[in-house]
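**Student:** Provided below are the primary sequence and the corresponding predicted coordinates.
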Amino acid sequence: MSRRRSRSLFAHRGVWSVVAVVAVVGVVAGMVGTATPHGQAVAATSSTTAGTAPTSDGGTSLPGASSSSAATPTAHGSATPGPTSHAPGGTTTAKGGGVPPGRVPSSNTGSPAPPSATGGGLTGRFMGSSTVLIGGSMSDASANAAPFDVRYAYIHSQPAPSPAAYTASLCQASWSNWWGCWTGDTTAPGFQLTLTESRAAQATYKGSPRPQKMLWTWYSLRDLGDLAGQGDGPGEVVAINRVDLLTRYLNDYRFFLQKIGGRNDMIDLEPDFWGYVRSLGDPHQVPAQVSAADPTDCGSQENSAAGLARCLVAMAREYAPNAAVGLHLTCWDWQTETAGCIRDYQALGAQNADFLVTDVSDRDAGWYAEPAHGGRDTFWTDQKARAALGFYKTMAEALGKPVVLWQIPVGNMAQNNTLNHYQDDKVDWFFTHMNEVANAHVAGLLFGAGQQEQTTVETDGGNLIGKTIAYHGSGGVALR
C-alpha cells in the first residue's frame, strides 16, 4: 500500500483565479477544470494539456505534491521498504514510544451507513450500481469520452485562516492559500467544490447525459502537521493532540461536509495518516483532543486517534447524510501483519464507515524503475496482483465493507518511459481480471496519476478510455 503524497504545489492560486474569472462569466456551463490531490492542483480547463499536471497523489484536487521512495513505517514501528512513497521531501517514520492512554473508549460508534452507500453488505449495490464502478481523475473531455462512473478530487490545505471565512459571502485575497478560496476573491468560500460537483453531474456520453459520482479525498492532516511545526507523520500525530489545531481542523472539515450537503458523494478520509497512527501502536492509545476540539459533534468520543476516526465518520453522518464515507486503508506492513491491520482498523471504527479506500502504488512502475527514482520493481505479476487482491478481500470480509481502489497508475506497456508516458501494467491487468477484482469485494477502480510526471488519462494513448468503453459494453461485472 502506498505512502505519503508529494507536495510540489502546482500554482493552485493562479489556476483557481483563472477559474474564478470564467466562473463569473459563465461557470454553470462547466467549462472549467478540477484541482488535484494529495498533491498539486491541476489546471482548471475543460481539457488537460501536456503542461497541466494531475496532483501528487492524485487526480483532480485541490493542491498537491511530489515524492521520493524510501523506507515506510510498519504498523508497529519498524521501517520496511515500502511499495510506494508519498512523502513530501522524503519519507518519515512516525516517532512514538510510550504514548499516554486516551479516555476510556466511548460506546458511541456513530450512525449506521446511509442506505445509498451499500445495499447488502459486500454484495448487491454500491453507490447505486450493481457492477464494479470505473472512474478516476481526468479532464472534462476525457470524462465524457467513455461511460465513467466516478471522478475524484482532493481537498488539501491548512484550515481557513479565520472563522469568518465559513460565513463570508466572498473570499478575501488573504485567504487564498485555503482550499475554500482557491478560486479567488470574486467567488464564495467553497465555490470550487460546488463547481466540480456540477461538472461531474453534467457529464455526458455519446451526447446523452450520464452523471458521474464524486469521490472527495480529504487530505488535510498533512497540512495540520505543518502547523504543528513537524510536517509529515510525526507532526500530524502531534497536531491532533493540540486543542487549538484540532479545533481548526474539525471546523474546516465541518464546512467541507456542509458544502457537500445532501449530495450522494463519497468521502475518502486521510490517506497515509492512519498508517502513521498504526506505527505508534494501538489507535486507542494515540492521544487526540477530540472532545475538547469539538464538544458539540464529538464530545462523547474518546480522546484518541480512534476517537478522531469515529468523530470524522459521525460528523459525515450529521452534515452530509447522503454521502458514503470511507477510511483510507493504510497498512504498509500488510504482507506480514494483516491480522494487525484488521485489529487496528476495528479500533479505528472502520466497521462503522461505508467502505474502505486504498491504493496499489502512487507512481507508474516505469518511473520507479529508473535509477534516479530508486530502481524499484513495482510492475505486477499475477502473483503480486493476487496477493494484493487477497489482502483486500480479507479486510473487506473482516470489516464487512467493500473496497475502492483509488489512484491506480494509468501507465501501460505501449508507453516509452518519458515524461507523462511511463509504463505500468495495472490498468491492463485489472480489466482482464475483473471477476477476480469483484471476488475480492472491490466495488470501484479509480485511476489517476499520483504526481505530475506520471502517465495520465490524457497521455495514455486512449488505453483507459477504450477499456472502459469495452467494459461497460459487456455489461460490467457484478459486485460480490
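**Tutor:** Thanks, I have the structure now.
**Student:** output the lowest mean pLDDT helix or strand found in the chain.
**Tutor:** Within the chain, confidence by mean pLDDT, DSSP states H and E is lowest for strand 79-81 among all helices and strands, at a mean of 30.
**Student:** so what's A478 bridging to?
**Tutor:** When bridges are assigned using DSSP bridges, the partners listed for A478 are T131.
**Student:** what distance do you get for it to E370?
**Tutor:** Using CB to CB, to the nearest Å, we find A478 at a distance of 40 Å from E370. The way it works is simple: take the backbone N, C-alpha and C, and place the C-beta from them, glycine included.
**Student:** T358 now?
**Tutor:** Between T358 and E370 the distance is 25 Å, computed by CB to CB.
**Student:** who has more neighbours out of those two?
**Tutor:** T358 (25 against 12; other CB atoms under 10 Å).
**Student:** tell me who's in contact with that one.
**Tutor:** For T358, the set of contacting residues under the criterion of CB atoms under 8 Å, 6 or more residues apart in numbering consists of M1, H328, L329, T330, Y392, V403, V404, L405, W406.
**Student:** shouldn't G340 be in contact with W332?
**Tutor:** No. Taking CB atoms under 8 Å as the contact criterion, G340 and W332 are not neighbours in contact, 11.1 Å apart.
**Student:** more neighbours: these two, which one.
**Tutor:** More neighbours sit around W332 than around the other of G340 and W332, counting by other CB under 10 Å; the figures are 26 against 16.
**Student:** that one is in what secondary structure piece?
**Tutor:** Following DSSP states H and E, one finds W332 outside all helices and strands.
**Student:** state the distance from it to N416.
**Tutor:** Note on W332: its distance to N416, by CB to CB, is 31 Å.
**Student:** can you check L246 too?
**Tutor:** L246 is 47 Å from N416, where distance means CB to CB.
**Student:** repeat that for H433.
**Tutor:** Using CB to CB, one gets 25 Å for the distance from H433 to N416.
**Student:** quick check: pLDDT value at D232.
**Tutor:** D232 carries a pLDDT score of 85 in this model.
**Student:** helix, strand or coil for the residue most central in space within the chain?
**Tutor:** When the chain is reduced to its mean C-alpha position, the closest residue under CA atoms, centre = their mean turns out to be T217, at 3.3 Å. Three-state secondary structure (criterion: DSSP: H, G, I helix; E, B strand; the rest coil) places T217 in strand.
**Student:** partners of it in the sheet?
**Tutor:** So, taking DSSP bridges as the rule, T217 has Y154, D268 as bridge partners.
**Student:** now the closest residue to L419 other than its chain neighbours: how far from A372?
**Tutor:** Distances taken as CB to CB, 6 or more residues apart in numbering place E453 nearest to L419, at 5.8 Å, with adjacent residues excluded. With distances taken as CB to CB, E453 is found 11 Å from A372.
**Student:** which one of the two has more residues nearby?
**Tutor:** Between E453 and A372, counted using other CB under 10 Å, E453 has the larger neighbour count: 20 against 7.
**Student:** I'd say the more buried one and N420 touch.
**Tutor:** Yes. In this structure E453 lies within contact range of N420 using CB under 8 Å: 6.8 Å.
**Student:** list the contacts of A365.
**Tutor:** Listed by CB under 8 Å, 6+ apart, the contact partners of A365 are D377, T378, F379, W380, P409, G411, Y422, Q423, D424, D425, K426.
**Student:** let me know the pLDDT of the second one.
**Tutor:** Right, T378. The pLDDT attached to T378 in the predicted structure is 98.
**Student:** show me where the stretch 301-450 of the chain has strands.
**Tutor:** Counting by DSSP state E, counting those that start in this stretch, the stretch 301-450 of the chain has these strands, from start to end: 324-328, 355-358, 403-408, 442-447.
**Student:** nearest residue to G229 other than its sequence neighbours?
**Tutor:** Spatial nearest neighbour of G229, excluding adjacent residues (CB to CB, 6+ apart): G235 at 6.6 Å.
**Student:** rebuild the contacts of A365 as a markdown table, extending it with neighbour count and distance to A153.
**Tutor:** A markdown table is the format used below for the contacts of A365 (neighbours: other CB atoms under 10 Å; distance: CB to CB, whole Å):
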| residue | neighbour count | distance to A153 |
| --- | --- | --- |
| D377 | 11 | 31 |
| T378 | 23 | 25 |
| F379 | 19 | 28 |
| W380 | 20 | 26 |
| P409 | 30 | 18 |
| G411 | 30 | 21 |
| Y422 | 28 | 22 |
| Q423 | 19 | 26 |
| D424 | 29 | 22 |
| D425 | 19 | 26 |
| K426 | 24 | 21 |
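**Student:** low pLDDT regions in the protein?
**Tutor:** Within the chain, the stretches falling below the threshold (pLDDT under 70) are 1-121, 123.
**Student:** could I get the full set of helices for the stretch 151-300 of the chain?
**Tutor:** When secondary structure is read from DSSP state H, counting those that start in this stretch, the stretch 151-300 of the chain shows helices at 191-201, 221-227, 234-239, 243-260, 273-278, 290-293, 295-298.
**Student:** who does the fifth one touch, helix- and strand-wise?
**Tutor:** Right, the one you point to is helix 273-278. Using 3 or more CB pairs under 8 Å, 6 or more residues apart in numbering; DSSP states H and E, the elements in contact with helix 273-278 are strand 71-73, helix 234-239, helix 305-319, strand 324-328, helix 338-348.
**Student:** I'd like the distance between T204 and D140.
**Tutor:** 10 Å.
**Student:** give me the more crowded residue out of the two.
**Tutor:** Comparing T204 with D140 by other CB under 10 Å, the one with more neighbours is D140, at 23 against 14.
**Student:** quick one: that one and R199 touch, right?
**Tutor:** Yes. With contact defined as CB under 8 Å, D140 reaches R199; the gap is 6.1 Å.
**Student:** so what's the residue count around S474?
**Tutor:** Counted with other CB under 10 Å, residues neighbouring S474 total 10.
**Student:** backbone dihedrals for it, both of them.
**Tutor:** Taking degrees, to the nearest 10, you get phi -80, psi 0 for the backbone angles of S474.
**Student:** against N435, how distant is the residue nearest to L419?
**Tutor:** From E453 across to N435, the span is 33 Å (CB to CB).
**Student:** likewise G180?
**Tutor:** For G180 relative to N435 (CB to CB), the value is 43 Å.
**Student:** which one's more surrounded, those two?
**Tutor:** Per other CB under 10 Å, whichever of G180 and N435 has more neighbours is G180, with 27 against 12.
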